[in-house]
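Participant: Here's my sequence, what's the structure:
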Amino acid sequence: MVKVYSGLSGSGKTKQMIQTINDAALNESGSVVCIEKGNKLTYDINYKVRLIDYREYKLEGAEALKAFISGLHAGNFDITHIFLKSVHRLLGTDKAEAITAFCDWCEGFGSANSVSFTMSAPIDPEHAPESLRKYF
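Facilitator: Sure thing, here's the model as predicted:
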């Protein structure tokens with residue numbers, strides 16, 4: 001499953017993400033991981049969640065992010081949910097086509113490995129392509 005919280009800046013995406021992350025930490029039986037660029041969520045999310053500051057690894061682009069996620073899963077098969085705050089920052093682009101392609105990859109990876117993905121992106125839902133709207 002892939003879920004994208006979309007909306008322009010100030011629309012409440014981060015607040016929704018924090019609530020969903022904390023719910024997952026309390027209700028899921030496996031490991032929960034949150035990847036962000038920076039450490040803004042440090043004091044907002046449950047201590048059980050593995051919070052990763054993506055900047056520490058100096059990686060850029062979609063292929064690097066896919067490899068990073070694959071490596072996380074290879075090291076811990078118990079991961080059941082991966083959260084990606086501001087996925088456009090992790091990918092290095094805010095183009096809807098790139099975010100859609102990444103969501104499609106997450107859908108395939110998640111189905112094959114029983115991992116759910118939830119992410120936020122600053123995309124106006126009214127102007128998003130139909131291929132991306134299916135993840136909203």
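
Participant: Spatially nearest residue to the residue nearest the centre of the chain, not counting backbone neighbours?
Facilitator: The residue lying closest to the centre of the chain (Cα atoms, centre = their mean) is residue 84, at 2.2 Å. Distance criterion Cβ to Cβ, 6 or more residues apart in numbering; nearest residue to residue 84, sequence neighbours excluded, is residue 119 at 3.9 Å. Every residue, glycine included, has its C-beta placed from N, CA and C.

Participant: hang on, the earlier thing: hmm, residue 33 and the residue nearest to the centre of the chain touching each other?
Facilitator: No. Taking contacts as Cβ atoms under 8 Å, residue 84 lies outside contact range of residue 33: 9.3 Å.

Participant: sorry, back to before: can you report phi and psi for the residue nearest to residue 84?
Facilitator: The phi and psi torsions at residue 119 (degrees, to the nearest 10) take the values phi -140, psi 160.

Participant: So what's the predicted local confidence for it?
Facilitator: Looking at residue 119, its pLDDT is 98.

Participant: what about it, how many neighbours?
Facilitator: Using other Cβ atoms under 10 Å, residue 119 has 26 other residues around it.

Participant: Perfect, I'm done here.
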